[in-house]
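Visitor: starting from these lines, generate the structure:
(one chain, ligands or ions: 2)
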Amino acid sequence: MSWLTPDDDEDGPYSEYADHAVRQRPNPKANRPRTKRRPEHADAVVGLVTAVDRGRYTALVESGADPHDLSERVVVAARARELRRTPIVIGDRVQLVGDASGAEGSLARIVSIEDRRTLLRRSADDSDTVERVMVANADQMLIVVAAANPEPRVRLVDRYLVAAYDAGIRPLICITKVDLADPEPFLGYFSALEVPVFRSQPGAWPLDEIREALAGRTTVFVGHSGVGKSTLINELVPEAGRATGHVNEVTGRGRHTSSSSVAYRAETPGCAGGGTGWVIDTPGVRSFGLGHVTTEGILRGFTDLAEIIDGCPRGCTHLEGAPDCELDAAIADGRLDAAGAARVESLRRLLK
Ligand SMILES: Nc1nc2c(ncn2[C@@H]2O[C@H](COP(=O)(O)OP(=O)(O)OP(=O)(O)O)[C@@H](O)[C@H]2O)c(=O)[nH]1
Ligand SMILES: [Zn+2]
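Guide: Ligands and ions are numbered 1, 2, ... in the order given. Sure thing, here's the model as predicted:
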């Protein structure tokens with residue numbers, strides 16, 4: 001894309017983060033006709049990006065035309081020059097040329113990215129409008145939160161929910177460590193949202209229920225560090241460790257640390273949605289900035305308040321003290337209970 005300055009040739013060690021930043025710069029050459037030198041890639045094969053590591057992409061390419069033939073190969077690829085400033089993330093379907101054999105030491109080239117169904121983004125903080133692209137083509141977001149240790153934080157879950165709804169991704173909640181604390185007071189806060197909830201503890205992992213939800217879909221797992229996300233993924237995808245080991249064998253690079261995202265195929269035998277699903281593990285993100293989300297996007301994260309907000313005067317900011325804001329009326333006349341009032345407070349914090 002011509003408005004992105006092609007100023008760095010090499011993928012630096014931190015490019016995995018740097019190139020996720022989508023900067024929109026004015027194009028100084030906007031009036032000049034663009035020379036289209038996009039080569040035809042009739043020989044390209046399509047791969048699913050399952051890992052990103054310092055400028056190297058791991059993609060799974062199906063061996064045959066038969067969609068049931070799962071004998072795919074692992075291809076390691078770099079980006080073509082023209083995609084140098086384009087974020088390519090886990091879940092992207094990409095076109096590969098060059099040596100896409102997957103043979104040891106081979107390196108293919110990613111020449112284009114197929115249209116994305118969904119795109120999960122975040123910004124460093126709320127004042128930062130530079131968005132980081134996290135995951136492409138996810139259908140669902142499993143928000144993993146612990147009942148205790150670490151204490152559940154309503155505000156972080158609110159943020160995940162807003163990011164999911166804004167991206168058109170269906171949220172699910174898994175509350176872990178219910179052996180340590182009663183999760184119901186916390187869950188009550190979200191009950192009006194009708195988000196599916198799984199309750200988890202050692203010896204009673206809700207694996208069958210979660211598998212049912214994963215089948216046939218791509219689900220991104222998010223959660224604060226220490227909530228038990230890895231524990232859950234290891235239960236759901238026992239060979240997860242082996243998968244990263246395989247990738248490393250191919251790339252010859254170091255282990256994927258918990259600072260990078262990885263996609264795993266989860267077996268979901270006998271489930272209505274199909275025999276497999278994709279699980280995308282993301283590093284525990286402490287903050288989840290929503291600087292890139294519009295007011296409308298934030299409101300979409302509060303579907304439980306939508307009907308009330310519909311009654312607001314035109315142009316209502318819904319902030320505290322906004323004239324005739326229906327949210328205040330609903331709290332005053334009891335349409336919203338204590339949990340509802342807390343939701344309003346939460347919404348207002350995000351709208352500020
Ligand atoms: N009591 C209890 N402990 C749990 C449960 N689930 C996980 N744990 C423990 O919580 C700790 C953190 O679990 P992890 O799976 O490493 O957490 P994580 O969310 O992957 O954390 P990061 O790797 O830092 O992102 C481990 O000691 C687990 O054994 C649970 O349901 N109950
Ligand atoms: Zn209002």
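
Visitor: tell me the SS of residue 148?
Guide: Of the three states, residue 148 takes coil under DSSP: H, G, I helix; E, B strand; the rest coil.

Visitor: dump the residue contacts of it.
Guide: 177, 180-181 (C-beta atoms under 8 Å, 6 or more residues apart in numbering). Every C-beta, even on glycine, is put in place using the N, C-alpha and C of the backbone.

Visitor: wait, which of those residues is closest to ligand 2?
Guide: Among these, residue 181 lies closest to ligand 2 (C-beta to the ion), at 34.7 Å.

Visitor: a strand runs through the closest one, doesn't it?
Guide: No: assessed with three-state DSSP, residue 181 is coil; it does not lie in a strand.

Visitor: what's the closest residue to it other than its chain neighbours sitting at in phi/psi?
Guide: Once flanking residues are discounted, residue 181 sits nearest to residue 148: 3.8 Å by C-beta to C-beta, 6 or more residues apart in numbering. Backbone torsions for residue 148, taken as degrees, to the nearest 10, come to phi -160, psi 160.

Visitor: distance of residue 148 from residue 210?
Guide: Note on residue 148: its distance to residue 210, by C-beta to C-beta, to the nearest Å, is 21 Å.

Visitor: helices of the chain, start to end?
Guide: Here the chain has its helices, by DSSP state H, at 15-18, 154-167, 184-188, 207-214, 229-236, 240-251, 295-300, 306-309, 326-332, 338-351.

Visitor: if we can go back for a sec, just the buried residues from the contacts of residue 148, in PyMOL please.
Guide: Only the buried entries of the contacts of residue 148 go into this PyMOL selection, using 16 or more other C-beta atoms under 10 Å:
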select buried, resi 177+181
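
Visitor: mind putting the contacts of residue 148 in TSV, pLDDT included?
Guide: Formatted as TSV, the contacts of residue 148 follow (pLDDT from 0 to 100):
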residue	pLDDT
177	97
180	97
181	98
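
Visitor: of the contacts of residue 148, which are in range of ligand 1?
Guide: By C-beta under 6 Å from any ligand atom, the members of the contacts of residue 148 lying near ligand 1 are 177, 180.
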